[in-house]
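Undergrad: I'll drop the sequence and a predicted model, then ask my questions.
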Amino acid sequence: MRLSSYFLPILKEAPREAEIVSHRLMLRAGMVRQQSAGIYSWLPLGYRVLRKIEQIVREEQDRAGAVEVLMPTIQSADLWRESGRYDAYGAEMLRIQDRHEREMLYGPTNEEMITDIFRSYVRSYKDLPLNLYHMQWKFRDERRPRFGVMRGREFLMKDAYSFDTDKEAARHAYNRMFVAYLRTYERLGLKAIPMRADTGPIGGDMSHEFIILASTGESQVFCHKDVLELPVPGADTDFSQDLTPIVDEWTRAYAATDEMHDEAAFAEIAEEDQVSARGIEVGHIFYFGTKYSEPMGAKVALADGTEQPVHMGSYGIGVSRLVGGIIEACHDDNGIVWPESVAPFHVGLINLKAGDAATDAACNDIYEELNNAGVDVLYDDTDGRAGAKFATMDLIGLPWQFIVGPRGLANGEVELKCRKTGERETLSVEAALTRLTAGKN
RNA sequence: CGGGGCAUAGCGCAGUCUGGUAGCGCACUUGGUUUGGGACCAAGGGGUCGCAGGUUCAAAUCCUGCUGCCCCGACCA
């Protein structure tokens, strides 16, 4: 992409309403525009990141055996009356009337709808286990939206729903999502810690929040420092096998948010091993049994011929929240420092003297070669000053800056700058290209 | 929903106390000089001062009501 034909409305100064660093940087980098409290437009750069996160989440859901669907944002109130949640949900639900004065709502979540889909088609235990997920915009009319996209009213969520014959089978489904989540956050460049969460009336040990540590996090969290060093299961993990050993390993050490915090248990940990920090919740997995299947009549025939309500769980990842969460975890004084996996572009190609025939020609060649090699490049071909160009590239946080100017070019040399380490290296055009295209094609 | 704050050009702000021609920086447009870490000179364009009432000869400024946004808390993904 050439910057001259892109839409990257960066700001030197952040709008006053933005207080936390991720919100400020997202506005300054031209990633989002706030349209109303907690409601955002995604501008090209931000949308690219959102899609990259979405894709990683998708790949790991698929790997774990979940199947993607897409349910609508607008739902019928009748469905929610069946589960009893239409009245229970309260003011957070955005209620709408259509032209026939039918009561509709903008979905805050999809348990009812997925249960309806399930009961319409699935009759037998032979069709289980089943896990359906989608990524769709949700709306929750928060009392106080804040922190930019981290607590918006409209937000993109991946929500998966598992269906099993009984609680033990549901536990396998739960474990698959547990491991898929570990892998997902790892690939996003985050260290996420599963923490025991409140299971409400269902009880049991099958609810975990996944928390990333960040000083601006909304909740206080406590854990043993060992949990920060645990190995994340690899891509070769066999999800058909029993994943209990992995889940056990990850849930052995102490880790809790403040509402589940056990001061006495935490005190037993050696002081130098205690971690007390702020955290951002980026995922939540939950087993809820027959809470919806029972009232909504989602039953399957078991091998013995009896019909039983299906056992369900739901598994959420805040996709749009993650954009802010990643920035909270990955930035410095100059701007965003994207993990490579979610960077909107891999390389920023900086033409230090646009308009100079030799420099333009060299940049054009480099731009084409990188594109041909499948490397995402943002080419700053605009007529600007070097300092401003560097500042922009630092702000938007692309992993590599490929710096081309007439001075170096006279010796056949360019510079590569690593955004993360800040290291700059002078090398030949060929060597730089080889470096950035290694592993591609 | 309780408490607090803010609203003046695209963004950041001054002006409000003490009523009297709408300002500054950045950004934008044009011309020129520049160009290796957020350039400089010159000339421009851009505003129902959040909205609605009221007071006054006169309101960005004083009064009343409303709306929007932000922060703290409670609540929640």
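TA: Received, thanks. Numbers count the residues shown, from 1 in each chain, chains lettered A, B, ... in the order given.
Undergrad: any low-confidence regions in the stretch 51-200 of chain A?
TA: Nowhere does the stretch 51-200 of chain A drop to pLDDT under 70.
Undergrad: Got the phi and psi for A:Thr257?
TA: When read as degrees, to the nearest 10, the backbone of A:Thr257 gives phi -80, psi 170.
Undergrad: correct me, but it touches A:Val221?
TA: Yes: counting by CB atoms under 8 Å, A:Val221 is a contact partner of A:Thr257 at 5.2 Å. Glycine gets a C-beta too; all of them are placed from N, C-alpha and C.
Undergrad: near RNA strand B at all, whichever strand or helix holds A:Ala431?
TA: Applying DSSP states H and E as the criterion places A:Ala431 in helix A:429-437. No: Helix A:429-437 stays clear of RNA strand B (CB under 7 Å from any atom of the strand), getting no nearer than 12.0 Å.
Undergrad: A:Val243 - nearest residue in space that isn't next to it in sequence?
TA: Careful, residue A:243 is Leu; it's not Val. Computed as CB to CB, 6 or more residues apart in numbering, the closest residue to A:Leu243 that is not its neighbour in sequence is A:Asn175, at 4.0 Å.
Undergrad: wait, does the helix or strand that contains the one you found contact RNA strand B?
TA: Assigned by DSSP H and E, A:Asn175 belongs to helix A:167-187. No: applying CB under 7 Å from any atom of the strand, one finds helix A:167-187 out of contact with RNA strand B, separated by at least 13.1 Å.
Undergrad: cool, and stretch A:204-213?
TA: Yes: counting by CB under 7 Å from any atom of the strand, RNA strand B is contacted by stretch A:204-213 at A:Glu209.
Undergrad: buried residues in that stretch?
TA: A:Met206, A:Ser207, A:His208, A:Glu209, A:Phe210, A:Ile211, A:Ile212, A:Leu213 (16 or more other CB atoms under 10 Å).
Undergrad: Next: stretch A:327-336.
TA: Of the residues in stretch A:327-336, A:Ile327, A:Glu328, A:Ala329, A:Cys330, A:His331, A:Gly335, A:Ile336 count as buried by neighbour count, 16+ other CB under 10 Å.
Undergrad: which strand in chain A runs the most residues?
TA: Assignment by DSSP state E gives strand A:274-289 as the longest strand of chain A.
Undergrad: Tell me who's in contact with the residue nearest to A:Leu243.
TA: A:Asp242, A:Leu243, A:Thr244, A:Ile246, A:Val247 (CB atoms under 8 Å, 6 or more residues apart in numbering).
Undergrad: residues near A:Arg48, how many?
TA: For A:Arg48, the neighbour count with other CB atoms under 10 Å is 19.
Undergrad: pretty sure it is touching A:Pro344, no?
TA: Yes: here A:Arg48 reaches A:Pro344: they are 3.9 Å apart, a contact under CB under 8 Å.
Undergrad: got the buried residues for the longest strand of chain A?
TA: By 16+ other CB under 10 Å, the buried positions in strand A:274-289 come out as A:Val275, A:Gly279, A:Ile280, A:Glu281, A:Val282, A:Gly283, A:His284, A:Ile285, A:Phe286, A:Tyr287, A:Phe288, A:Gly289.
Undergrad: ranges for the strands of the stretch 1-150 of chain A?
TA: A:32-36, A:39-42, A:67-68, A:74-76, A:94-97, A:103-106, A:130-139 (DSSP state E, counting those that start in this stretch).
Undergrad: Pull up the pairing partners for the helix or strand immediately after the last one in the chain, direction included.
TA: Helices and strands here follow DSSP H and E; after strand A:130-139, the next one along the chain is strand A:154-164. If you go by DSSP bridges, strand A:154-164 pairs up with strand A:130-139 (antiparallel), strand A:311-318 (antiparallel).
Undergrad: Could you look over those and pick the most buried one?
TA: A comparison of those by mean neighbour count, using mean count of other CB atoms under 10 Å, puts strand A:311-318 on top with a mean of 25.
Undergrad: any idea of the angle that one forms with helix A:167-187?
TA: Between the axes of strand A:311-318 and helix A:167-187, defined by axes from the mean of the first three to the mean of the last three CA atoms, to 10 degrees, the angle is 10 degrees.
Undergrad: How much space separates the closest residue to RNA strand B within the stretch 251-400 of chain A from A:Val49?
TA: Per CB to the nearest atom of the strand, A:Gly387 is where the stretch 251-400 of chain A lies closest to RNA strand B, at 2.2 Å. Going from A:Gly387 to A:Val49 by CB to CB, to the nearest Å gives 25 Å.
Undergrad: Between these two, which has more neighbouring residues?
TA: Applying other CB under 10 Å to A:Gly387 and A:Val49 shows that A:Val49 carries more neighbours, namely 24 against 8.
Undergrad: How about the contacts made by that one?
TA: Listed by CB under 8 Å, 6+ apart, the contact set of A:Val49 reads A:Met31, A:Val323, A:Ile326, A:Trp338, A:Val342, A:Ala343, A:Pro344.
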